[in-house]
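Novice: below is the structure, and that's it, no one-letter string:
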């Protein structure tokens, strides 16, 4: 599990509040990569797009349609936030597949902050837009009256558990996949099973590439679902 250890970037053992670590370095690289793809890649926009422009436009249209289809047209104003969230996560996931890299999204400290940002944003938007009517999200009017108080407690607990499940799902999947790759890599030194190990590593890396995109997609689409609840709290 040493591949998940947070270390100071410039040596030493102490990690303080303002210490530049391998986590901050790879997070910064993810931001730079997103800017390079979305800004520099579309700087010379043309009717016949370049490869960079095509990827940027595909990502833009993909997330825009997701926000509009899942959360509704009135949620489009949150598209820049959702787009930024998706691009950062997917880029951090892909960078984590590079040799000698660090997967920042395997750290709960990172994913919890991302999930809490979504949770706070959704809650504030819900109360600002709907006032106390936002509490209708927890009152299931379609259920029998006798069951509504019980369901309200369940809905309330479910609501506050969202940041936990939202963050653990992303970090857990990334951590598990990278750990399995490392286990297979450990067998590569054994001559008898080395060819099998190489094939297994290659297959796992292909799977992890798919997981890197899927987990960013799942995190983003759940954000859209939560936004929908905030904008339309009635059941």
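Specialist: Happy to help now that I have it. This is a predicted model, so every value here is computed, not measured.
Novice: which strand or helix spans residue 228?
Specialist: helix 194-231 (DSSP states H and E).
Novice: by contact count, what packs against that helix?
Specialist: Applying 3 or more CB pairs under 8 Å, 6 or more residues apart in numbering; DSSP states H and E, we find helix 194-231 packed against helix 51-71, helix 79-95, helix 108-130, helix 148-186. Where you see a C-beta, it was placed from the backbone N, CA and C, and this is true even at glycine.
Novice: relative to helix 79-95, how tilted is that helix?
Specialist: 170 degrees (axes from the mean of the first three to the mean of the last three CA atoms, to 10 degrees).
Novice: residue 9: what's it in contact with?
Specialist: Contacts for residue 9 were tallied using CB atoms under 8 Å, 6 or more residues apart in numbering; they are 20, 21, 22, 24, 25.
Novice: may I see those residues organised as CSV, with distance to residue 87 added?
Specialist: Shown next, in CSV, are those (distance: CB to CB, whole Å):
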residue, distance to residue 87
20, 23
21, 22
22, 21
24, 18
25, 19
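Novice: sort out for me which of those residues are in helices.
Specialist: Among these, the residues falling in helices (DSSP state H) are 22, 24, 25.
Novice: for ChimeraX, write a command that selects the buried ones of these.
Specialist: Selection command for ChimeraX covering only the buried members of these, criterion 16 or more other CB atoms under 10 Å:
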select :24
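Novice: of the ones in helices among the contacts of residue 9, closest to residue 41?
Specialist: When the ones in helices among the contacts of residue 9 are ranked by distance to residue 41 (CB to CB), residue 25 comes first, at 22.7 Å.
Novice: relative to residue 85, how far out is the closest one?
Specialist: Relative to residue 85, residue 25 is positioned 21 Å away (CB to CB, to the nearest Å).
Novice: so residue 71 touches residue 225, yeah?
Specialist: Yes. With contact defined as CB atoms under 8 Å, residue 71 counts as touching residue 225 (7.5 Å).
Novice: which of those two has more neighbours?
Specialist: With neighbours defined as other CB atoms under 10 Å, residue 71 and residue 225 compare such that residue 71 has more, 24 against 13.
Novice: can you check the pLDDT for the more buried one?
Specialist: Looking at residue 71, its pLDDT is 89.
Novice: give me phi/psi at residue 8?
Specialist: Note on residue 8: backbone dihedrals following degrees, to the nearest 10 are phi -60, psi 140.
Novice: got a list of what it touches?
Specialist: Residue 8 neighbours (CB under 8 Å, 6+ apart): 14, 15, 19, 20, 21.
Novice: who does it bridge with?
Specialist: In this entry, residue 8 is beta-bridged to residue 21, by DSSP bridges.
Novice: and it, what pLDDT?
Specialist: 81.
Novice: look up how far residue 29 lies from it.
Specialist: 17 Å.
Novice: re earlier: in a markdown table: the helices and strands packed on helix 194-231, plus distance to residue 197.
Specialist: Formatted as a markdown table, the helices and strands packed on helix 194-231 follow (distance: least, CB to CB, whole Å):
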| stretch | distance to residue 197 |
| --- | --- |
| helix 51-71 | 33 |
| helix 79-95 | 24 |
| helix 108-130 | 29 |
| helix 148-186 | 5 |
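Novice: figure out which of those helices is closest to residue 229.
Specialist: Per CB to CB, nearest to residue 229 of the helices and strands packed on helix 194-231: helix 108-130, 7.0 Å.
Novice: which parts of that closest one are buried?
Specialist: Along helix 108-130, these residues count as buried under the neighbour rule (16+ other CB under 10 Å): 110-112, 114-115, 118-119, 121-123, 125-126, 130.
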